[in-house]
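>>> Kindly generate the corresponding structure for this input.
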Amino acid sequence: MPLEEGEVIDTDLVNNYRTKYVAFLDLLGFRELVKRSGADVLERHRLVESLKLVRDTLCENQAIDFRFTYFSDCIVLSAEHSPHALWQVFQSIEILTCNLLQYDIFVRGGLAVGPTHHSKDFVFGTAVTESYELECRSGGGPIVLLSSSVMQEVERLGPAFKQWTREKGPGEFFIHYLMRYAEYTSAREVGKVILTYPAQRIAYFVGHRLKTDEGRVLEKAKWFREYWNDAVAKGGVLPRIEVDSQPTLPPHSLTILTRRLVAPRMDH
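Predicted coordinates for the structure are as follows:
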């Protein structure tokens, strides 16, 4: 379509359209938390804290053009197309997911790569659309699916990146956000984060869901239980998740992680 007379192209907006990693994330359970917060001060406190958690966990990083936009229960984050940036995207989603699990909020979404514009004013591009479509076909489970293009890059980058992924089914992979818990041991190490208490907290919330939820919401909890028990509990260090496996919320169990801007050296 030709330009109309007097029409001016916004060159800054049009030209800032390049290949990026883009994740679309949906916070499952957030809407119910909003509903409950209307008449319950404690639930309103949890709501505010979970919002702060999103803001503080996903710190922007100009070095890799890492930025995020969120509204209500949806988040779009993006970063440049580089190995270092992909590592940061994986780590950010993993930490955010594990932090929100301690507030009884699941994360579901998709991660794609492609032409994208992401600024404080606009978010659009093929990768944005694809990441949203991946979220829609995730099957209801609390997972962040990887596009085939992202997975091809992961395979090329080798084992250090492949460890961040887990197979959902034939040809479908998602971010292995329980990797930190799956690798946890009882060995004491300087600077090591103790995961015993947050694991008990997660077990409490999911066990309660298994007892009280119904329909599609219950299916999400069942899926997570299978993922946790297979990836984490089989190590024998952290608890299995079953119905009411942790009957009471452990006191002082909240352990919030923050993202470190580090990644393995890539010599290409």
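>>> quick one: the strands in the stretch 151-268 of the chain?
165-169, 172-175 (DSSP state E, counting those that start in this stretch).
>>> hmm, who's touching the shortest one?
So the one you mean is strand 172-175. With C-beta atoms under 8 Å, 6 or more residues apart in numbering as the test, strand 172-175 has contacts from 90, 93-94, 97, 111, 138, 143-146, 151, 154, 164-168. Using the backbone N, CA and C atoms, a C-beta is placed for each residue, glycine as well.
>>> What of the first one?
Among residues not part of strand 165-169, those counted as contacts by C-beta under 8 Å, 6+ apart are 139, 141, 143, 145, 146, 151, 154, 173, 174, 175, 176, 231.
>>> what do you get if the cut-off is 6 Å, keeping everything else the same?
Defining contact as C-beta atoms under 6 Å, 6 or more residues apart in numbering, one finds that strand 165-169 is touched by 154, 173, 174, 176.
>>> Now the last one: closest residue in space that isn't a chain neighbour?
Of all residues beyond its chain neighbours, the one nearest residue 176 is residue 166 (4.1 Å), with distances taken as C-beta to C-beta, 6 or more residues apart in numbering.
>>> same question, the third one
In space, not counting the residues next to it along the chain, residue 174 is nearest to residue 143; the distance is 3.9 Å by C-beta to C-beta, 6+ apart.
>>> ok, now how distant is the one you found from residue 133?
In this view, residue 143 and residue 133 are 14 Å apart by C-beta to C-beta, to the nearest Å.
>>> These two: who's more crowded?
residue 143 (28 against 15; other C-beta atoms under 10 Å).
>>> quick one, phi psi at the more buried one?
phi -140, psi 160 (degrees, to the nearest 10).
>>> For residue 81, grab the count of nearby residues.
19.
>>> ok, now residue 220?
Counted by other C-beta under 10 Å, the residues lying close to residue 220 total 22.
>>> how near is it to residue 51?
Applying C-beta to C-beta to residue 220 and residue 51 gives a distance of 21 Å.
>>> do residue 31 as well
13 Å.
>>> Give me the more crowded residue out of the two.
Shown here are residue 31 and residue 51; by other C-beta under 10 Å, residue 51 has more neighbours (15 against 11).
>>> just checking, next helix/strand downstream of whichever strand in the chain runs longest?
For the chain, the longest strand by residue count, based on DSSP state E, is strand 106-118. Note on strand 106-118: by DSSP states H and E, the next helix or strand toward the C-terminus is strand 123-125.
>>> What segments of this protein are helices?
Taking DSSP state H as the test, the helices found in the chain are 11-15, 30-37, 41-57, 83-101, 126-136, 148-157, 159-162, 179-182, 196-212, 215-231.
>>> Now the third one - C-alpha only, PDB.
This means helix 41-57. Extracted in PDB, the C-alpha atoms of helix 41-57 (Å, rounded to 0.1, in the frame of the first residue of the first chain):
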ATOM      1  CA  VAL A  41      -6.600  -8.500  53.400                       C
ATOM      2  CA  LEU A  42      -4.200 -11.500  53.600                       C
ATOM      3  CA  GLU A  43      -5.000 -12.500  50.000                       C
ATOM      4  CA  ARG A  44      -4.600  -8.900  48.900                       C
ATOM      5  CA  HIS A  45      -1.100  -8.900  50.500                       C
ATOM      6  CA  ARG A  46      -0.200 -12.100  48.600                       C
ATOM      7  CA  LEU A  47      -1.400 -10.400  45.400                       C
ATOM      8  CA  VAL A  48       0.700  -7.300  46.000                       C
ATOM      9  CA  GLU A  49       3.800  -9.500  46.900                       C
ATOM     10  CA  SER A  50       3.400 -11.600  43.700                       C
ATOM     11  CA  LEU A  51       3.300  -8.400  41.600                       C
ATOM     12  CA  LYS A  52       6.400  -7.200  43.300                       C
ATOM     13  CA  LEU A  53       8.000 -10.500  42.600                       C
ATOM     14  CA  VAL A  54       7.400 -10.300  38.900                       C
ATOM     15  CA  ARG A  55       8.900  -6.800  38.800                       C
ATOM     16  CA  ASP A  56      11.900  -7.600  41.000                       C
ATOM     17  CA  THR A  57      12.700 -11.000  39.400                       C
END
